[in-house]
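Got a predicted structure plus its sequence, pasted below:
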2 protein chains.
Amino acid sequence: MERVNPLAQAVYSVVLTRRDVRSQFTGEPIDPQVLGRILQGAHSAPSVGMSQPWDFILVDDVGQRETFRDHVLSERQIFLESLDPTRRETFLGIRIEGILESSLGIVVTYDPSRGSPAVLGRHAIADAGLYSVCLAIENLWLCAQAESIGVGWVSFYREEFLAELVGLPAGVRPVAWLCIGPVSHFEATPDLERLNWQSRRPILPHVARGRYGEHDGLFDIVTLPQ
Amino acid sequence: MERVNPLAQAVYSVVLTRRDVRSQFTGEPIDPQVLGRILQGAHSAPSVGMSQPWDFILVDDVGQRETFRDHVLSERQIFLESLDPTRRETFLGIRIEGILESSLGIVVTYDPSRGSPAVLGRHAIADAGLYSVCLAIENLWLCAQAESIGVGWVSFYREEFLAELVGLPAGVRPVAWLCIGPVSHFEATPDLERLNWQSRRPILPHVARGRYGEHDGLFDIVTLPQ
């Protein structure tokens, strides 16, 4: 990447080296200053009507994490049983969580009542609030990566189980359990590609001009690998 | 922010200066190389089961953009009429879109069939695919900011209207219309705060330890402004 400004160079390098970590957590504590900065980065994300509808619940208690891990492993089993024999064998080699090995779990939640009744930009699209929470999660992830802290998003759980575990009020919805902490290293290739589950797709089929799937004139306005 | 490594320093500066742009677009074309890099940044986002369930439709046609803007302005009117008189006056001073002034619209979509039937990590949480698309949008936004390109997310529209406008196949859902392009400058303060709609919230009430709203022992593990 030549002719790219240094700021952009830094952001692209973080975006491209970011991994979804399962197996490389060291379990060392996160420096409280570093964790504070990462959470501030998340809290600075854009949100619909500036509602900032997220909360971050830090879960370090081992018992609480064990309870969650047992639940996640039972959901892993359910998914495993849904697979055909070939995929099942591939899946058996894949770790899906680092709940106990990471330093901390962070449960990120969505509160639709934040900023209500009239959230600017949400009257036509109810999910816009949920989208905001995801933007905060990606900010968190990239800030952590820039601090050499690993993050792994676990989604093998039932929302009602996690809501109960961390005492969410009625109406507040869990969006993610993030495993977070120092790591021994970041893998060069994403786990799911390295372990033959799914390869990354080329971008070209997924960019169009004017209409879905339309490539006419696309290269007049964008340079992409062909 | 002392003692922060240069990479993190760069990422935080982009995260903190990023704005949701409506009024500062110059309308100049985006360098095709720059646009290509920004889209690659988006396409490098994490996704559930590495499904990468997004598409990016670049809309530069003025007629198509005018049609969308008319629809957005009619939705703006609907929202306006839902407000009480005080809020209505504040809202009248707020621009909600830069559809024609920006260089380009980017419609970001979600295809639930990508990687189906067995998307790893989605069996228990159907919305996980939608979450992935939002992570790609935040990558796009931060990469653009690092390239000094402005982005504004418009959400005053009905999904079926936008789906029809850009010819989405059945089942594919629009997640965002992003206005994107060079800008005259980035405002220091978010529009909605500057124009008295909504102030940014302090982070402390939104971080807890172990259970929602619980602050006991929080400062043993994280440093936050009190």
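On my side now, so go ahead. Residues are numbered from 1 along each chain as shown, chains lettered A, B, ... in the order given.

Could you give the average pLDDT over stretch A:35-54?
Averaged over stretch A:35-54, pLDDT sits at 98.

Mind checking if the biggest strand by length in chain A is in reach of chain B?
Using DSSP state E to define each element, chain A has its longest strand at strand A:173-182. Yes. Applying CB under 8 Å from any CB of the partner chain, one finds strand A:173-182 in contact with chain B at A:175, A:176. In this view, the C-beta of every residue, glycine as well, is placed from N, C-alpha and C.

Run through who's touching the helix or strand following that strand.
Scanning forward in sequence from strand A:173-182 by DSSP states H and E, the next helix or strand is helix A:191-194. For helix A:191-194, the external contacting residues (CB atoms under 8 Å, 6 or more residues apart in numbering or on different chains) are A:19-20, A:22-23, A:94-95, A:187, A:197-200, B:49-50, B:120.

buried residues in stretch A:144-160?
In terms of neighbour count (16 or more other CB atoms under 10 Å in any protein chain shown), stretch A:144-160 has its buried residues at A:144-147, A:149-157.

what does the domain assignment say about chain A?
A:19-189, A:196-226 (automatic domain parsing).

Now do the first one: distance from first to last residue.
Which is domain A:19-189. This stretch, domain A:19-189, spans 8 Å end to end (CA to CA, to the nearest Å).

and if you look at the shortest one?
Terminal residues of domain A:196-226 are spaced 24 Å apart (CA to CA).

In which helix or strand does the residue nearest to the spatial centre of chain A reside?
Nearest to the mean C-alpha position of chain A, counting by CA atoms, centre = their mean, stands residue A:153 at 4.7 Å. Using DSSP H and E, residue A:153 sits in strand A:149-154.

Now do the buried residues in the helix or strand just after that strand.
Sequence order places helix A:159-165 as the next helix or strand after strand A:149-154, per DSSP H and E. Neighbour-count burial for helix A:159-165 flags A:161, A:162, A:163, A:165 (criterion: 16+ other CB under 10 Å).

The first one and residue A:67, how far apart?
Relative to residue A:67, residue A:161 is positioned 9 Å away (criterion: CB to CB, to the nearest Å).

Ok, the third one next?
Distance from residue A:163 to residue A:67, counting by CB to CB: 13 Å.

need the contact list for residue A:219.
A:226, B:32.

Tell me the pLDDT of it.
pLDDT for residue A:219: 97.

Ramachandran coordinates for the nearest residue to residue A:197 once chain neighbours are set aside?
Leaving aside its sequence neighbours, residue A:197 sits nearest to residue A:90 (CB to CB, 6 or more residues apart in numbering or on different chains; 5.6 Å). Backbone torsions of residue A:90, given as degrees, to the nearest 10, read phi -60, psi -50.
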